[in-house]
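Peer 1: What follows is a predicted protein model with its sequence.
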Amino acid sequence: YANEHRDEAIKAGLKMAGFEVDPAEVTPVYWSTRLKQEKLDEVAGTMAELGFLKEKPDFSKAIMQ
């Protein structure tokens, strides 16, 4: 859905993240349909451990199946 309605998806993502950015300024995005929650959790955990993130994000509201 997001790949077919990019403007709508970008606006929703900016709102969820609390960013006040003009959607036109966002780099074009492609959302993979092959992502696995386990892999995202693993990468996010590593990023948090390395200090790139304050804490591991909760993807439960971001991943749609």
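Peer 2: Received, thanks.
Peer 1: Now for residue 10, how many residues are close by?
Peer 2: 19 (other CB atoms under 10 Å). Using the backbone N, CA and C atoms, a C-beta is placed for each residue, glycine as well.
Peer 1: check contacts around it.
Peer 2: Applying CB atoms under 8 Å, 6 or more residues apart in numbering, one finds that residue 10 lies in contact with 23, 26, 29.
Peer 1: Please identify which helix or strand holds it.
Peer 2: Secondary structure from DSSP states H and E places residue 10 in helix 6-17.
Peer 1: can you list contacts of the helix or strand that comes right after that helix?
Peer 2: As assigned by DSSP H and E, the chain's next helix or strand after helix 6-17 is helix 37-49. Identification of contacts with helix 37-49 by CB under 8 Å, 6+ apart yields 53-57, 59, 63.
Peer 1: switch the cut-off to 7 Å
Peer 2: The contact list for helix 37-49 (CB atoms under 7 Å, 6 or more residues apart in numbering) reads 53, 55-57, 59, 63.
Peer 1: can you pull the buried residues of that helix?
Peer 2: residue 44 (16 or more other CB atoms under 10 Å).
Peer 1: avg pLDDT for stretch 20-32?
Peer 2: Taken as a whole, stretch 20-32 has a mean pLDDT of 87.
Peer 1: same thing with stretch 48-56?
Peer 2: pLDDT averaged over stretch 48-56 gives 91.
Peer 1: What is the end-to-end distance of that stretch?
Peer 2: 6 Å (CA to CA, to the nearest Å).
Peer 1: now do stretch 13-21
Peer 2: Span of stretch 13-21 from end to end, CA to CA: 11 Å.
Peer 1: who touches it?
Peer 2: Stretch 13-21 has contacts (CB under 7 Å, 6+ apart) with residue 23.
Peer 1: Distance-wise, check residue 54 relative to residue 1.
Peer 2: 30 Å (CB to CB, to the nearest Å).
Peer 1: Actually, residue 57.
Peer 2: Distance from residue 57 to residue 1, by CB to CB: 21 Å.
Peer 1: about what we covered before: can I get the contacts of helix 37-49 in TSV including neighbour count?
Peer 2: Below are the contacts of helix 37-49 laid out as TSV (neighbours: other CB atoms under 10 Å):
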residue	neighbour count
53	13
55	8
56	16
57	15
59	12
63	11
